[in-house]
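A.B. asks: Using only what follows, build the 3D model:
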Amino acid sequence: RNTTCKNYLNFAIGIFALMGAMNGTFLAADAVLFFFFFEAMVIPAAVLIAGFGGKDRAKAAMTFAIYTLVGSAPMMVALWYLISQADSSLVLSLAIALQGMPEGVQTAILVSFLLAFMVKTPVFPFHGWQAISYSEAPAPLSAILTGAMSKAGVFGFIAWVLPIFPMNMSVVTTMMWLGLVTAVYGALMALRAKDAKKLLAFSSMGHLGLAVAGVFSLSEAMLPAVLVLLVAHGISAGAQFFLMGVAERMAGTREIDKLGGLASKKPVFSTLFGAAGIMSLAVPGTAGFIGEFTVLLSLWDMGPLPALVMGFSMILSAAYMLRFIQKVIFGKASSEYDSTQRLAGMEGAAIGVMTVCLLVFGFHPAFITNSLHLFDEQAMEQMADVNKTLDGNASEESSEETVETEDASEEPLQAMTEEEIAQLDSTLAANGFSEEERKSLIAQVKGVEAELVAADSADAANAAADSALQADSAKTNVEALNKEASND
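C.D. replies: Sure thing, here's the model as predicted:
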């Protein structure tokens, strides 16, 4: 309320609309719903920038909307074509449909998806909207944009690109290096930034570049590493943007050279500001350290050069962040501060909780990584039982017949019974699959089973024909021998 200084009700409505669209983006399992919410995020964010932003808010809102909407247009066409060729708009069906397309079509669809997610993240050179949008947006909105909305692009790479598209090394390597270039470029731009919120915007861009590089390292530890990194960055960057909004409220400016001296005038604010800044540097004991160190190990698997580039970007991050903290809260004040403006109790409590979370997640990152355990032990046991049920009968019958006689033929494959289908459906339901997903998977299993049964029947018929031919040949040979014997 103190930061927006305008119609708080309308601002809250816009924030809740944006949060609803973000929740839909991260929770949607259907491609159509995902794309709808992915684009729906743009509208409330652009409206909030235009209505509550700084002096260049109109330009910032227009730039933000044009970049993100135009960047997603090729993905819309590609997704429409892909869904038209698939049985449904679920990830599995899309992946199966893609396999039957020509290589050139697959590449075009992949590029369309990558472009949309690179713009949303953003990844160099599709970052033109970020600095002006983050700097002109009100501080609470900037915190949400960098802390949550920017993660939609990285989420798209993980949840929609990697499961659907077959990735060759040229694509993987290109995306990894684009992420590393983004990290270094963001750090260099933050070093020369004069506007505090633009510095934080480029800092956010650099950390997200590391996340993208980590995603396309494709190592075993990639997913938990990137998840911890994103959570740590979301908390620390969100806290920094919010605190920068408070500092702007106190000083009336965002220019770094006109700040300073807050440590003596606003000690509580300065303590929280310094703590949030230091924790964003991934010092040991914080969640950022766990995330960045594990991403560094993932990049080392790709070779020493990517790891060295990431290390260089981390050194640059320490340089600009320590300089930023020194300029804002230490030294002499370069401007008069409004003595009536201060950090409210609720604001301080919220930032304090965020800094504590960074420490807790740093000492026990399992609070974050445990969210990846989608299947509990009971569900895994049920799935194993289903697999045994599907494969056990045929193998047992075959083994028994082999013991009785080596020449006995195997029993033909039998179709799944209704009881087995019901058991499979209940197992899928226990693992969180929706009704539509279960129907699609069971239909695909039945189709594959029918093909196997038909192939088995054909093999049995061919074997019978071969046996008949061999019997006829043997009979002919016996008759010939008998005839020769009688002649003799």
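A.B. asks: From now on I want contacts and neighbour counts done on CA atoms only, so please keep to that.
C.D. replies: OK.
A.B. asks: Within the helices and strands, which one has the residue nearest the centre of the chain?
C.D. replies: When CA atoms, centre = their mean is applied to the chain, the residue found nearest the centroid is residue 155 (2.3 Å). Following DSSP states H and E, the helix or strand that holds residue 155 is helix 151-156.
A.B. asks: where does that helix sit relative to the chain's centre, distance-wise?
C.D. replies: With CA atoms, centre = their mean, to the nearest Å as the basis, helix 151-156 stands 5 Å off its chain's centre.
A.B. asks: Please state the mean pLDDT value computed over that helix.
C.D. replies: Average pLDDT, helix 151-156: 89.
A.B. asks: so what secondary structure elements neighbour it?
C.D. replies: Applying 3 or more CA pairs under 8 Å, 6 or more residues apart in numbering; DSSP states H and E, one finds that helix 151-156 contacts helix 8-27, helix 103-120, helix 196-215.
A.B. asks: Could you look up the next helix or strand downstream of the first one?
C.D. replies: So that's helix 8-27. helix 31-40.
A.B. asks: neighbouring contacts of whatever helix or strand comes next after that following helix?
C.D. replies: As assigned by DSSP H and E, the chain's next helix or strand after helix 31-40 is helix 42-52. Residues outside helix 42-52 that contact it (CA atoms under 8 Å, 6 or more residues apart in numbering): 4, 6, 11, 14-15, 17-18, 57-58, 60-62, 64-65, 68-69, 133, 136-138, 141.
A.B. asks: Just the buried ones from those, in ChimeraX syntax?
C.D. replies: A single ChimeraX command selects the buried members of those (16 or more other CA atoms under 10 Å):
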select :4,11,14,15,17,18,57,58,60,61,62,64,65,68,69,133,136,137,138,141
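A.B. asks: In contact with the closest residue to residue 320 other than its chain neighbours, which residues?
C.D. replies: Leaving out its chain neighbours, the residue that sits closest to residue 320 by CA to CA, 6 or more residues apart in numbering is residue 191, at 5.0 Å. Residues near residue 191 by CA under 8 Å, 6+ apart: 199, 316, 319, 320.
A.B. asks: before we move on, what about residue 311?
C.D. replies: residue 296.
A.B. asks: Assumed it was part of a helix.
C.D. replies: Yes - remark: residue 311 belongs to a helix, assigned using DSSP: H, G, I helix; E, B strand; the rest coil.
A.B. asks: Now stretch 353-372: buried residues?
C.D. replies: Going by 16+ other CA under 10 Å, stretch 353-372 has these buried residues: 354, 355, 357, 358, 359, 361, 362, 365, 369.
A.B. asks: And those, which is the shakiest by pLDDT?
C.D. replies: Lowest pLDDT among these: residue 369, 82.
A.B. asks: residues contacting that residue?
C.D. replies: For residue 369, the contact set (CA under 8 Å, 6+ apart) comprises 224, 227, 228.
A.B. asks: ok, those residues vs residue 290, which is closest?
C.D. replies: Of all the contacts of residue 369, residue 290 sits closest to residue 228, with 7.0 Å by CA to CA.
A.B. asks: hang on, the earlier thing: of all the buried residues of stretch 353-372, which two lie farthest apart?
C.D. replies: Longest distance between any two of the buried residues of stretch 353-372 is 18.9 Å, between 355 and 369; criterion CA to CA.
A.B. asks: Sketch out the helices for the stretch 251-400 of the chain, chain order is fine.
C.D. replies: Listed in chain order, the helices of the stretch 251-400 of the chain (DSSP state H, counting those that start in this stretch) span 262-265, 267-279, 287-302, 304-329, 345-363, 366-369, 377-404.
A.B. asks: For the second one, list the C-alpha coordinates in CSV.
C.D. replies: It refers to helix 267-279. Extracted in CSV, the C-alpha atoms of helix 267-279 (Å, rounded to 0.1, in the frame of the first residue of the first chain):
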residue,chain,number,x,y,z
PRO,A,267,19.6,0.6,10.6
VAL,A,268,16.8,-2.0,10.3
PHE,A,269,16.3,-1.4,6.6
SER,A,270,20.0,-1.5,6.0
THR,A,271,20.5,-4.8,7.9
LEU,A,272,17.8,-6.5,5.8
PHE,A,273,19.1,-4.9,2.6
GLY,A,274,22.6,-6.1,3.2
ALA,A,275,21.5,-9.5,4.2
ALA,A,276,19.4,-10.0,1.1
GLY,A,277,22.2,-8.7,-1.1
ILE,A,278,24.8,-11.0,0.5
MET,A,279,22.5,-14.0,0.3
